[in-house]
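Asker: quick one: sequence plus predicted model below, questions after.
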2 protein chains.
Amino acid sequence: MQPSPRHPKKPVRPSALQAESLQQTRREHASEIAEDYVEAIADLALAQGEARVVDLARRLGVTHVTVNRTLARLQRDGYVTARPYRAIFLTAQGHALADTCQRRHATVVSFLRSLGIAEKAAEIDAEGIEHHVSTETLAAFERHLRRATRR
Amino acid sequence: MQPSPRHPKKPVRPSALQAESLQQTRREHASEIAEDYVEAIADLALAQGEARVVDLARRLGVTHVTVNRTLARLQRDGYVTARPYRAIFLTAQGHALADTCQRRHATVVSFLRSLGIAEKAAEIDAEGIEHHVSTETLAAFERHLRRATRR
DNA sequence: GGCAAAATGTAGCACATGCTACATATTGTA
DNA sequence: TACAATATGTAGCATGTGCTACATTTTGCC
Ligand SMILES: [Mn+2]
Ligand SMILES: [Mn+2]
Ligand SMILES: [Mn+2]
Ligand SMILES: [Mn+2]
């Protein structure tokens, strides 16, 4: 122990709440890659009928090796089906997640745009922010958009 | 190659932009832990005069082992000074980062609160969102706050 | 001063997520 | 149909970030 704290123990933020917040953030990070992948797969399936490893690599900004290993995880976790040298398809679970994520992504981008943020910055920031937006916050974003639109 | 795409190649989002966004998000994740640590160290230094490993562990919701290894990285990267069995202190570089992060954290929380989000949810979401807020978006949040306050 | 409790340090494991280099399969086309 | 280009797969490396179990040091207190 150290001698004398200059101030009585009065943490600016309660440790318990910050610990809880950070743990939540870590959980969100763990599911984040799955979310971005299923979103990209759904996009590609819509745009060109199917998603190939090489498309995903280009889209996600990683090598095909990384895509491959991640797809194995997604398959293990029930989000996609994939056979060697074939296209990748979403399971029902994957589709459900993709829908949720696409909708949430669009909402976050629109919300940022409504604050006057430029298209490109809105896209870039949304890609990170989207994974940390709770149901309550998403609802607040939608509420704000409805208000901004009505005017 | 696969036979015939049902639609002409018209990706919903351009691959290049999404790749760039995701790469930016990954870069932000790489600096995120450093940001949360220096913020916590600054908080603790203010509240009780110094930051100890055990305080950080409680605060960050991880074991003291994780704190230890992370502190080695922060030391390597010039954010903190630490000697065995002693308290941890921020370098000038660490202080600068902590100030920026504390200010940004406070802005994000206030912004979410101004949208009607409850205290706890605002804290939790802000802990993740803060690391993905660009200068432009932070400015927009501040602008919005000034407007909301003035009324 | 000495001892028990607390704090700190370290060894070693697991998993995620990126990479390069190289091997194999598929496909478009000459 | 063969072959070159493209796509896909795999081995092996690095780093980050979490953990448990155990060793060592420091500290509060009798
Ligand atoms: Mn994203
Ligand atoms: Mn994040
Ligand atoms: Mn944070
Ligand atoms: Mn923070």
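Answerer: The structure has been received and is ready for your questions. Ligands and ions are numbered 1, 2, ... in the order given.

Asker: CA only for contacts and neighbour counts going forward, please
Answerer: Fine.

Asker: verify the stated contact: residue A:141 with residue A:107.
Answerer: Yes: applying CA atoms under 8 Å, one finds residue A:141 in contact with residue A:107, separated by 7.3 Å.

Asker: neighbour-wise, which of these two wins?
Answerer: More neighbours surround residue A:141 than the other of residue A:141 and residue A:107, with 23 against 19 (other CA atoms under 10 Å in any protein chain shown).

Asker: any part of stretch A:51-58 near DNA strand D?
Answerer: Yes: on the criterion CA under 7 Å from any atom of the strand, stretch A:51-58 is in touch with DNA strand D at A:52, A:53, A:54, A:55.

Asker: next up, the contacts around residue A:51.
Answerer: Residues counted as contacts of residue A:51 (CA atoms under 8 Å, 6 or more residues apart in numbering or on different chains) are A:41, A:42, A:44, A:45, A:87, A:88, A:89.

Asker: tell me how far residue A:47 lies from residue B:79.
Answerer: Distance, residue A:47 to residue B:79, by CA to CA, to the nearest Å: 46 Å.

Asker: the two: which has the busier surroundings?
Answerer: Applying other CA under 10 Å to residue A:47 and residue B:79 shows that residue B:79 carries more neighbours, namely 23 against 19.

Asker: now the more buried one. Nearest residue, chain neighbours left out?
Answerer: Closest residue in space to residue B:79, ignoring its immediate chain neighbours: residue B:94 at 4.1 Å, by CA to CA, 6 or more residues apart in numbering or on different chains.

Asker: burial of the one you found, as a residue count?
Answerer: Residues lying near residue B:94 (other CA under 10 Å) number 24.

Asker: my read: it touches residue B:38, true?
Answerer: Yes: at 6.2 Å, residue B:94 and residue B:38 qualify as touching, with contact defined as CA under 8 Å.

Asker: what touches both of those two?
Answerer: residue B:79.

Asker: so where's chain A uncertain?
Answerer: A:1-12, A:151 (pLDDT under 70).

Asker: cutoff 50 now
Answerer: A:1-10 (pLDDT under 50).

Asker: in it, what residue lies closest to ligand 1?
Answerer: Nearest residue of chain A to ligand 1, counting by CA to the ion: residue A:127, 3.7 Å away.

Asker: and that residue, how far from residue B:69?
Answerer: 29 Å.

Asker: could you point out which element follows the longest helix along chain A?
Answerer: Longest helix of chain A, by residue count under DSSP state H: helix A:15-48. Heading C-terminal from helix A:15-48, the first helix or strand you meet, by DSSP states H and E, is helix A:53-60.

Asker: what residues of that next one count as buried?
Answerer: Neighbour-count burial for helix A:53-60 flags A:53, A:55, A:56, A:57, A:58, A:59, A:60 (criterion: 16 or more other CA atoms under 10 Å in any protein chain shown).

Asker: cool, stretch A:118-131 as well?
Answerer: Buried, per 16+ other CA under 10 Å, within stretch A:118-131: A:121, A:122, A:123, A:124, A:125, A:126, A:127, A:128, A:129, A:130, A:131.

Asker: for chain A, what lies in contact range of DNA strand D?
Answerer: Residues of chain A lying near DNA strand D (CA under 7 Å from any atom of the strand): A:1-3, A:26, A:52-55, A:64-65, A:68-69, A:83-87.

Asker: just the ones of these in helices?
Answerer: A:26, A:53, A:54, A:55, A:64, A:65, A:68, A:69.

Asker: of these, which is the nearest to residue A:101?
Answerer: residue A:26 (18.1 Å; CA to CA).

Asker: how near is that closest one to residue B:102?
Answerer: To residue B:102, residue A:26 is 19 Å away according to CA to CA.

Asker: between the two, who's got more neighbours?
Answerer: Higher neighbour count among residue A:26 and residue B:102: residue B:102, with 19 against 14, using other CA under 10 Å.

Asker: please list all residues in contact with the spatially most central residue of chain A.
Answerer: Geometric centre of chain A, nearest residue: residue A:131, 3.6 Å, by CA atoms, centre = their mean. Neighbouring residues of residue A:131 by CA under 8 Å, 6+ apart: A:28, A:29, A:32.

Asker: can you list the domain ranges for chain A.
Answerer: According to automatic domain parsing, chain A comprises the domains A:15-91, A:95-150.

Asker: would you list those domains in a markdown table and tack on distance to residue B:18?
Answerer: Formatted as a markdown table, the domains of chain A follow (distance: least, CA to CA, whole Å):
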| stretch | distance to residue B:18 |
| --- | --- |
| domain A:15-91 | 6 |
| domain A:95-150 | 8 |
